[in-house]
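*Asks:* sequence and predicted structure below; questions after.
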Amino acid sequence: MKRVKDIAFFKNIKEIREYQFGTFYFFDGLVISEINEGITFGWDMAQKAINAAREVFGEDMPIAYISNRVNAYHVVPTDWSKFYKNRNQLVFYSVVGNTKGSFASLVMERMFFKNSIKKFTDLEKAIEWSLKKSEMHHKKTAAKRNDYLPT
């Protein structure tokens, strides 16, 4: 499975944040995570990544998030409620993996994540999809803002 550092898109990197639990790669409007082997990824870890995203993108930047599951780890699916309770939002969320194990917690996550979660087996396809969806989202948002401007 491809890691973020091994693909051509890596040249577009804005910032990298490394933590004991994993690494987060920040691009324009896109975050890709690679959580370390054996970690149980919960709210306290997610908060660190969210705070980093705010520092990199600002408070109101809608982002796409890709979980590049190159390692086996667990997600606490019920922590999505804490994510929303704290008024955080992801516009698009996708998971990249190539084994049943890499998608095992996805079924539970889908129960708690309010939007859809897209599943991929190729990181570059996930990036392409995320960027395309983000561009469409920005165009719609800009069009709505223009509808409200006085003429």
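*Replies:* Sure thing, it's come through.
*Asks:* contacting residues for the residue most central in space within the chain?
*Replies:* The geometric centre of the chain, computed from its C-alpha atoms, lies nearest to residue 65 (CA atoms, centre = their mean), at 1.4 Å. Listed by CB atoms under 8 Å, 6 or more residues apart in numbering, the contact set of residue 65 reads 30, 31, 32, 33, 90, 92, 93, 94. All C-beta atoms are positioned from the backbone trio N, CA, C, and that covers glycine.
*Asks:* next step: those restricted to strands.
*Replies:* Those of those mapping onto strands are 30, 31, 32, 33, 92, 93, 94, per DSSP state E.
*Asks:* most surrounded residue in those?
*Replies:* For these, neighbours were counted using other CB atoms under 10 Å, and residue 32 has the most, 26 neighbours in all.
*Asks:* show me the contacts for residue 52.
*Replies:* Here residue 52 is in contact with 15, 17, 24, 26 (criterion: CB under 8 Å, 6+ apart).
*Asks:* report all helices and strands that the lengthiest helix in the chain contacts.
*Replies:* When secondary structure is assigned using DSSP state H, the longest helix within the chain turns out to be helix 123-147. Counting by 3 or more CB pairs under 8 Å, 6 or more residues apart in numbering; DSSP states H and E, the packing neighbours recorded for helix 123-147 are strand 30-35, strand 64-68, strand 92-96, strand 117-120.
*Asks:* Serialize those to TSV and add fields for mean pLDDT and distance to residue 49.
*Replies:* Converted to TSV, the helices and strands packed on helix 123-147 look like this (pLDDT from 0 to 100; distance: least, CB to CB, whole Å):
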stretch	mean pLDDT	distance to residue 49
strand 30-35	94	7
strand 64-68	91	9
strand 92-96	86	13
strand 117-120	86	17
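*Asks:* ok, residue 37 - contacts?
*Replies:* Residue 37 sits next to 71, 72, 73 when contact means CB under 8 Å, 6+ apart.
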